[in-house]
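In: I would like the atomic coordinates for the input below:
(one chain, ligands or ions: 1)
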Amino acid sequence: MEELKISARSKKMIQPAIVKYNGLIREIEKTGKKVYFLNLGQPDIATPPAFMEAVRQIDDDVLMYVDPKGIIPLRQSIVGYFKNYDLDYDIDEILVTMGGSEAIWYTFLTLCDEGDEIICPDPVYSIYREVAKATGVKLVPVETYAEEGFELPAKEVIEKCITDKTRAFILNTPGNPTGRVYTKREMDDISQLALQYDLFIISDEVYRDFIYDGEEFLSFAAREDVAEKVILVESASKRFSACGARVGFLATKNKEVYEGLLKMAQTRLSISYVDQVGAVELFKLEQDYLRAQLDEYENRRDTICEELRKIDGVVLETPKGAFHLLVKLPIDDAEDFIQFMLNDFTLDGETVLVTPGADFYFNEELSKNMVRISYVLKQEDLKRAAFLLRKGLEAYKSK
Ligand SMILES: Cc1ncc(COP(=O)(O)O)c(C=O)c1O
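Out: Numbers count the residues shown, from 1 in each chain. So this is what the prediction gives:
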């Protein structure tokens with residue numbers, strides 16, 4: 001008898017570090033040890049009550065499948081949200097997905113056949129790597145460096161990565177894990193290459209509302225030169241602190257791409273009606289709501305950077321956006337240090353969890369002593385977490 005086999009692609013995939021510690025954490029928490037979670041992009045801020053209020057108003061007798069594109073009131077609400085950023089989309093250019101995560105899958109599946117390539121920066125959001133493995137897409141990394149604030153290299157360097165298999169760039173601005181906000185120079189270069197070589201630009205802008213120091217946000221979606229080439233990946237998760245709502249969406253002006261994305265979406269018939277009803281209200285929230293979130297996260301960013309700089313040997317650049325930063329620690333093996341913090345370290349019954357840089361890097365050499373810190377906790381918790389990190393590093397070095 002032949003042995004039962006599962007796909008090679010599933011064997012190639014790994015558990016991203018952002019979820020792999022979940023089991024261990026549950027075990028540790030059972031012991032009464034408190035863990036400060038700086039490892040997940042899961043904000044601690046209350047989801048706006050408007051979400052639940054709208055859900056409570058649902059009085060349908062039957063929860064039915066709804067339009068695979070997403071319910072019209074939600075797409076209208078998203079179009080309205082975009083207007084605040086001078087982005088002009090029609091409801092038929094919006095496709096609601098189960099989080100930005102599903103949007104990434106559909107984009108890869110729609111733009112690429114097996115073996116096709118997508119160029120991305122290194123480090124990159126780890127889920128792109130797993131989706132690439134699952135969809136048979138090859139991600140081609142362009143190295144960027146912490147010392148240079150993760151700026152994209154010159155156009156000529158990026159151009160060298162383009163082959164006859166290249167279909168697209170994928171960029172995330174403001175960036176996870178780097179906090180980088182791309183400048184006009186970087187966006188001009190990518191746009192020119194996309195035009196010259198006929199490539200798509202997948203622009204993941206789920207952190208659009210988190211840009212600090214009063215910097216202007218530039219969206220690929222606002223550029224007329226590449227209007228037909230841009231596919232926006234979006235989400236309610238971060239900006240509205242609604243990760244569990246599982247509402248994201250895609251936006252594109254390219255009709256053929258939209259049709260392709262929709263065919264993918266039609267295979268899952270519909271996404272949750274209940275979540276969509278709540279999300280209608282989120283995208284209608286006043287700009288004041290988002291400005292308050294921005295102030296809160298800017299303060300959190302300042303606090304975590306200040307506290308981390310107090311630790312000997314820690315190297316970091318102040319991020320310009322999103323709520324993550326990559327930090328170099330004075331150690332040789334970030335994964336080993338993280339295990340130590342979870343299993344062996346405790347101070348007054350507390351410890352802290354961060355994500356190993358290896359989760360985001362193609363270049364292992366660059367990632368060894370790097371960790372990603374997500375500043376998703378209140379300022380006093382961030383202070384305590386940074387203190388625990390300092391004490392943990394001292395204990396680790398003297399072990
Ligand atoms: C850059 C980026 N894109 C997309 C997502 C997907 O988020 P969700 O599926 O919750 O919308 C995340 C979540 O962390 C992210 O950081």
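
In: CA only for contacts and neighbour counts going forward, please
Out: Fine.

In: and the gap between Glu256 and the ligand?
Out: Noted for Glu256: a distance of 23 Å to the ligand, by C-alpha to the nearest ligand atom, to the nearest Å.

In: Could you report the neighbour count for that residue?
Out: 12 (other C-alpha atoms under 10 Å).

In: Any chance you could list what contacts the one helix or strand it maps to?
Out: For Glu256, the enclosing helix or strand under DSSP states H and E is helix 255-266. Applying C-alpha atoms under 8 Å, 6 or more residues apart in numbering, the contact partners of helix 255-266 are Pro68, Lys69, Glu93, Leu95, Thr97, Tyr106, Thr107, Leu109, Thr110, Leu111, Thr252.

In: Top of these by number of neighbours, please.
Out: When neighbours are taken as other C-alpha under 10 Å, the top entry among the contacts of helix 255-266 is Thr97 (28 neighbours).

In: Bridge partners for it, pull those for me.
Out: According to DSSP bridges, the partner residues bridging Thr97 are Gly248.

In: Check it and give its pLDDT.
Out: With respect to pLDDT, Thr97 scores 98.

In: Quick one: residues contacting it.
Out: Applying C-alpha under 8 Å, 6+ apart to Thr97 gives the contacts Gly70, Ala103, Val247, Gly248, Phe249, Leu250, Ala265, Ile271.

In: closest to the ligand among these?
Out: Taking C-alpha to the nearest ligand atom as the measure, the ligand sits nearest to Gly248 out of these, at 5.1 Å.

In: what's the burial count for that closest one?
Out: If you count neighbours by other C-alpha under 10 Å, Gly248 ends up with 23.

In: give the contact list for it.
Out: Residues near Gly248 by C-alpha under 8 Å, 6+ apart: 96-103, 233-237.

In: State the distance from Phe217 to Lys253.
Out: Taken as C-alpha to C-alpha, to the nearest Å, the spacing of Phe217 relative to Lys253 amounts to 20 Å.

In: Same question for Leu329.
Out: Leu329 sits 43 Å away from Lys253, going by C-alpha to C-alpha.

In: ok, then the element right after the strand or helix carrying Val35?
Out: Element membership of Val35 [criterion: DSSP H and E] is strand 34-37. Using DSSP H and E, the helix or strand that directly follows strand 34-37 along the chain is helix 49-56.

In: What residues sit buried inside that next one?
Out: For helix 49-56, burial by neighbour count (16 or more other C-alpha atoms under 10 Å) applies to Ala50, Phe51, Met52, Ala54, Val55.

In: pLDDT averaged over it, what's the number?
Out: Predicted confidence along helix 49-56 averages 98 (mean pLDDT).

In: How far does the helix or strand following that helix sit from its chain's centre?
Out: Per DSSP H and E, the first helix or strand lying C-terminal to helix 49-56 is helix 72-83. Computed by C-alpha atoms, centre = their mean, to the nearest Å, the chain-centroid distance of helix 72-83 equals 22 Å.

In: Lys238 reaches Glu205, doesn't it?
Out: No - under the criterion of C-alpha atoms under 8 Å, Lys238 lies out of contact with Glu205, with a separation of 10.6 Å.

In: who's in contact with the residue in the stretch 151-300 of the chain that the ligand sits nearest to?
Out: With C-alpha to the nearest ligand atom as the measure, the residue in the stretch 151-300 of the chain that lies nearest the ligand is Ser235; the distance is 4.3 Å. Contacts for Ser235 were tallied using C-alpha under 8 Å, 6+ apart; they are Gly99, Gly100, Val206, Val247, Gly248, Phe249.

In: partner residues bridging it?
Out: With beta bridges defined as DSSP bridges, Ser235 has these partners: Gly248.

In: ditto for Met370
Out: Lys328.

In: what's the neighbour count on it?
Out: Look at Met370: counted by other C-alpha under 10 Å, it has 29 neighbours.

In: In contact with it: list those residues for me.
Out: Contact partners of Met370, counting by C-alpha under 8 Å, 6+ apart, are Leu326, Val327, Lys328, Leu329, Ala334, Pro356, Gly357, Ala358.

In: go again using 6 Å as the cut-off
Out: Under the criterion of C-alpha atoms under 6 Å, 6 or more residues apart in numbering, the contact partners of Met370 comprise Val327, Lys328, Gly357.

In: Show the average pLDDT along the helix holding Glu256.
Out: pLDDT averaged over helix 255-266 equals 98, rounded to a whole number.

In: The nearest residue to Glu53 once chain neighbours are set aside: how many residues sit nearby?
Out: Setting aside the residues directly before and after it, Glu53 is nearest to Gly278 in space (C-alpha to C-alpha, 6 or more residues apart in numbering), at 7.7 Å. Applying other C-alpha under 10 Å, we find 25 residues neighbouring Gly278.
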